[in-house]
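Enquirer: How does the following fold in three dimensions:
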Amino acid sequence: MRVLGIEGTAWAASASVFDTEADEVFIASDPYEPESGGIHPREAAEHMGDAIPSVVEEALAYARGLASSHDDGERAAPIDAVAFSRGPGLGPCLRIVGTAARALAGSLGVPLVGVNHMIAHLEIGRHQSGFESPVCLNASGANAHLLGYHNGRYRVLGETMDTGVGNAIDKFTRHVGWAHPGGPKVEAAATEGTYLDLPYVVKGMDFSFSGIMSAAKDAYDDGTPVEDVCCGLQETIFAMLTEVAERALSLSGTDELVLGGGVGQNARLRAMLREMCDARGADFYAPEPRFLRDNAGMIAVLGATMYAVGDTLPIADSAVDPNFRPDEVPVTWRGGAESIARTPDDGDDREIRGAEATVTMGDDHVTKRRLPKGYRHPDLDDRLRRERTVAEARLVSEARRAGVSTPLVRDVDLDEATLTLQRVGEADLAARLSADVVRRVGELLSALHDAGVVHGDPTTRNVRVGESKVFLVDFGLGFHTGHVEDHAMDLHVFGQSVVGTAETPGPLLDAFESGYLDAGGDAARTVVDRLREIEGRGRYQ
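Expert: Numbers count the residues shown, from 1 in each chain. Modelled structure (predicted):
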């Protein structure tokens, strides 16, 4: 089988041919390179209009060459199908790509396949690595998120709540006066710099870049050498991405991680992810650079997979979608029983390795050690381990005084970032999911928020369930706040963890919100209303 793919979501006008028999991918690309600043949608569309026909013709010529040398004369066309990026991306660019794909499929009389660009980033890594069901960290210009397959769709486990990672870096480089793309320039400058401490914002498996970008611009304006700012930017942003990737591995129980997106070409990011996975005993795979940046090869490969199971589009139904969410796509080419979620062990007489700490179970106590993370810069690692140990010890006790069931704190060793806590519950919530229990979690979070505290990471792994009681644990990302946005983010984080791991998340989420609303009254209704806003604010809405 041979499939021709066309890509043009933003800057890369690209066409490709994937030959499934030889497992070979030919790619022709003509990237848009703005003279200054970032990507301008009108200029990018003009470039697509000029470049798409030529790269398609180059790919088609390659396919004709294969046909003449390998086919037996019975094939009516040099390709079997045309695949194209339907979104997400810039609308003017997508429409040019869609028009080209329809025209080519129609003229050759072959089927049309519409591909989600972000899922293609994941699937090219899965295809080449041979992994069974990995978590994917997509780090590209306009996006940054974690995806995992569960219950027939790819689920967004975590994502940026403001801007994509590449765009965030580009905002700083435009401020400095550097031309697009900024990522390679930051990577080069960082090797000459000294680490600069910058804001670090992780909320469960979500993250934010707005604060760090403002701080980086201010530091540069105040005279900090640009090399030092670049070093701080790179170390901080990539440590955030690596941490949330580890959280996704810990939550789901899987031991496979693939990287996608153009920012994945950065050697420091790949080194961090590899070191994290090695420490966890997980497998890591990063495709070669031509498959990390936007390219039609990944579109052709996923297009061939979809075509093989009959997942094609009538031309009348092939409209592009600039906001095409990856979790909207029915994943027809994978088995329904496949999942990133691994059934958690119901017992706990063992050493548990979480995303952030190792917990050793005793008869009536647990010892929680925040061990050094080798992938993080030592100064950043020391700060985070100490801050989170202090926060957890303080907030666990404050929450308990506010009527929220938490373990007692028995000892704190700040030098070793170690806590000794009362042993509570019989298993993690992940192993005991039920409507009654998650309703109780909603009630506990409502009481916590009423006391002016957010948990910061309320996932199914950070709730302990006993015979008659439910406990909140692991307050390392918590803080004091009365702001409705922060309270709503707590609900969002919990909801993401349920959707990413539960077999039937809908009734559980309903029970969770009912518990929160019934316990919190009018204030809780305001928080849930804000939660609806947050859910509509993600990068794919």
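
Enquirer: what's near enough to touch residue 69?
Expert: Under the criterion of CB atoms under 8 Å, 6 or more residues apart in numbering, residue 69 has no neighbours. (Each C-beta comes from the backbone N, C-alpha and C, glycine too.)

Enquirer: buried stuff in whichever strand or helix holds it?
Expert: Residue 69 belongs to helix 41-70 when assigned by DSSP states H and E. Going by neighbour count (16 or more other CB atoms under 10 Å), the buried part of helix 41-70 is 44-45, 47-49, 51-53, 55-56, 58-60, 62-63, 66.

Enquirer: Same question for stretch 449-456.
Expert: Under the neighbour-count criterion of 16+ other CB under 10 Å, stretch 449-456 has 449-451, 453-456 buried.

Enquirer: hey, C-alpha coordinates of that stretch in CSV?
Expert: C-alpha atoms of stretch 449-456 as CSV (Å, rounded to 0.1, in the frame of the first residue of the first chain):
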residue,chain,number,x,y,z
HIS,A,449,-11.4,25.1,49.7
ASP,A,450,-13.6,26.6,52.4
ALA,A,451,-10.5,26.7,54.6
GLY,A,452,-8.6,28.6,51.9
VAL,A,453,-6.4,25.8,50.8
VAL,A,454,-6.0,24.0,47.4
HIS,A,455,-4.6,20.5,47.2
GLY,A,456,-2.8,21.1,43.9
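
Enquirer: Contacts only, for residue 186.
Expert: Going by CB under 8 Å, 6+ apart, residue 186 touches 169, 172-173, 230, 233-234.

Enquirer: any chance you could map the helices in the stretch 101-250 of the chain?
Expert: Assigned by DSSP state H, counting those that start in this stretch, the stretch 101-250 of the chain shows helices spanning 117-129, 165-176, 183-190, 210-221, 226-252.

Enquirer: and if you look at the stretch 301-450 of the chain?
Expert: 378-401, 435-450.

Enquirer: Leaving aside the residues adjacent along the chain, what's closest to residue 421?
Expert: Nearest residue to residue 421 in three dimensions, chain neighbours excluded: residue 407, at 4.3 Å (CB to CB, 6 or more residues apart in numbering).

Enquirer: One more: residue 143?
Expert: Closest residue to residue 143 apart from its sequence neighbours, by CB to CB, 6+ apart: residue 164 at 4.7 Å.

Enquirer: Hmm, residue 138 and the one you found touching each other?
Expert: No. The criterion here is CB atoms under 8 Å, and residue 164 misses it with residue 138 at 9.4 Å.

Enquirer: what residues do these two have in common as contacts?
Expert: Residues touching both residue 164 and residue 138 (CB under 8 Å, 6+ apart): residue 144.

Enquirer: Looking at these two, which has the bigger crowd around it?
Expert: Neighbours were tallied for residue 164 and for residue 138 using other CB atoms under 10 Å; the higher tally belongs to residue 138 (29 against 22).

Enquirer: list the contacts for the more buried one?
Expert: Listed by CB under 8 Å, 6+ apart, the contact partners of residue 138 are 118, 121-122, 144-147, 260-261.

Enquirer: quick one: it from residue 276, how far?
Expert: 17 Å (CB to CB, to the nearest Å).

Enquirer: what's the answer for residue 154, then?
Expert: 22 Å.

Enquirer: hmm, back to that, ranking the helices of the stretch 301-450 of the chain by burial, who's on top?
Expert: Neighbour counts (mean count of other CB atoms under 10 Å) averaged over each of the helices of the stretch 301-450 of the chain peak at helix 435-450, with a mean of 22.

Enquirer: Serialize the helices of the stretch 101-250 of the chain to JSON lines and add fields for mean pLDDT and distance to residue 158.
Expert: Formatted as JSON lines, the helices of the stretch 101-250 of the chain follow (pLDDT from 0 to 100; distance: least, CB to CB, whole Å):
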{"stretch": "helix 117-129", "mean pLDDT": "94", "distance to residue 158": "14"}
{"stretch": "helix 165-176", "mean pLDDT": "92", "distance to residue 158": "13"}
{"stretch": "helix 183-190", "mean pLDDT": "95", "distance to residue 158": "21"}
{"stretch": "helix 210-221", "mean pLDDT": "96", "distance to residue 158": "16"}
{"stretch": "helix 226-252", "mean pLDDT": "96", "distance to residue 158": "5"}
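
Enquirer: out of those helices, which comes closest to residue 421?
Expert: When the helices of the stretch 101-250 of the chain are compared by CB to CB, helix 226-252 sits nearest residue 421, at 18.4 Å.
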